[in-house]
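**Student:** I would like to see how this sequence folds:
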Amino acid sequence: MGLSPREVDQQQLWPFVAAWDAYKQVHGIRESAKPSGDLNEEDLARMGIEGF
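**Tutor:** This next block holds a predicted model:
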């Protein structure tokens, strides 16, 4: 992102998150539609887990 470790350490969280969001948008980085920890019943069934 072009920030040195010292600059990152000196920043508050919100400017860093805003810079990261802008970086992702400019470079075409997309986040997954679903957070990695959320599994639906279909995902669980594919893994052989049933009854939830």
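
**Student:** helices along the chain, start to end?
**Tutor:** Counting by DSSP state H, the chain has helices at residues 5-10, 13-26, 41-46.

**Student:** format these as JSON lines; extra columns: mean neighbour count.
**Tutor:** Glycine gets a C-beta too; all of them are placed from N, C-alpha and C. Output for these, formatted as JSON lines (neighbours: other CB atoms under 10 Å):
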{"stretch": "helix 5-10", "mean neighbour count": "10"}
{"stretch": "helix 13-26", "mean neighbour count": "12"}
{"stretch": "helix 41-46", "mean neighbour count": "11"}
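
**Student:** in JSON lines: the ones you listed, plus mean pLDDT.
**Tutor:** Listed next are these as JSON lines, based on pLDDT from 0 to 100:
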{"stretch": "helix 5-10", "mean pLDDT": "90"}
{"stretch": "helix 13-26", "mean pLDDT": "91"}
{"stretch": "helix 41-46", "mean pLDDT": "83"}
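
**Student:** so what's the residue nearest the centre of the chain up against?
**Tutor:** With the centre of the chain defined as its mean C-alpha position, the nearest residue by CA atoms, centre = their mean is residue 31, 5.8 Å away. Residues counted as contacts of residue 31 (CB atoms under 8 Å, 6 or more residues apart in numbering) are residue 24.

**Student:** let's see it at 10 Å
**Tutor:** Counting by CB atoms under 10 Å, 6 or more residues apart in numbering, residue 31 makes contact with 21, 24.

**Student:** could you measure from residue 18 over to residue 42?
**Tutor:** 35 Å (CB to CB, to the nearest Å).

**Student:** chain neighbours aside, what residue packs nearest to residue 11?
**Tutor:** Closest residue to residue 11 apart from its sequence neighbours, by CB to CB, 6 or more residues apart in numbering: residue 3 at 7.8 Å.

**Student:** check the one you found and give its pLDDT.
**Tutor:** Looking at residue 3, its pLDDT reads 83.
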